[in-house]
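**Q** Return a 3D structure for these sequence lines:
(one chain, ligands or ions: 1)
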Amino acid sequence: MSEGLESLPRQYGRVYVLRLGHRPARDKRVTTHVALVARAFGANGFVLEGVCDDSVYSSLAKASKTWGGMISYECGVDGHEYVKVWKASGGEIIHLTMYGLPLDDVIGKVSSSPKPKLVVVGSQKVESFYYMNSDYNVAVGWQPHSEVAALALFLDRLFKGRELYYYYSDATAIIMPSERGKRVERRERK
Ligand code: SAM
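**A** Here you go, the predicted model:
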């Protein structure tokens, strides 16, 4: 545990997560977990399509204040436009869906490409635009489960599990793994 997590995504330029279809009245918790997984598992940007939700942003900022590693945050974007611009500027789109190709078959190609990656996750029904305009439609198994689980597994495969062993260099608290209890080392913010 001596390197900063932010060194992970640089080999890809950028890894961003685009969350579609957030309904502030219903999805606060799930969308917050998508954002927290994006941050904790090595993505360096989180983008909320269609709306802004202060509670999602403040949860992300709160976690980062203690544990470091604030990622880029955007909200209220037009999803179609965001995808088009991402592709036009040389990036690739990875849409996570139970209808896609197996993660194991795709991950080698995705990992070896240096292109910035936009990982798209839905909430309810995802428009066909995303199926048609993604470079990869990727299934994390063919059962319906959760955008949180799908994203976590995808990022873990992308970073080959290394993201679990890193901490952020600007953290003010760092966990010292222990068999029982909670050991936390406090640090001055750099
Ligand atoms: N029928 C949806 C689908 O297309 O995957 C499941 C909706 S699920 C509530 C919300 C999101 O979770 C999906 O848009 C997708 O991003 C993700 N998801 C759920 N199950 C998945 C799976 N088996 N593989 C990949 N992504 C999945």
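**Q** just checking, next helix/strand downstream of the worst-scoring helix or strand of the chain on mean pLDDT?
**A** The weakest-scoring helix or strand in the chain, judged by mean pLDDT, DSSP states H and E, is strand 173-175 (a mean of 93). Per DSSP states H and E, the first helix or strand lying C-terminal to strand 173-175 is strand 184-186.
**Q** mind listing what that next one pairs with, with the direction of each?
**A** strand 173-175 (antiparallel) (DSSP bridges).
**Q** The ligand contacts on this protein?
**A** Neighbours of the ligand within the chain, by C-beta under 6 Å from any ligand atom: 96-99, 121-123, 126, 139-141, 143-147, 150. Every residue, glycine included, has its C-beta placed from N, CA and C.
**Q** Run through the residues that contact Val51.
**A** Contact analysis of Val51 by C-beta atoms under 8 Å, 6 or more residues apart in numbering lists 22, 24, 75-76.
**Q** What strand or helix carries it?
**A** Under DSSP H and E, no helix or strand contains Val51.
**Q** Burial check on the residue nearest to Ala152 when sequence neighbours are not counted, number of neighbours?
**A** Distance criterion C-beta to C-beta, 6 or more residues apart in numbering; nearest residue to Ala152, sequence neighbours excluded, is Val37 at 5.1 Å. Counted with other C-beta atoms under 10 Å, residues neighbouring Val37 total 24.
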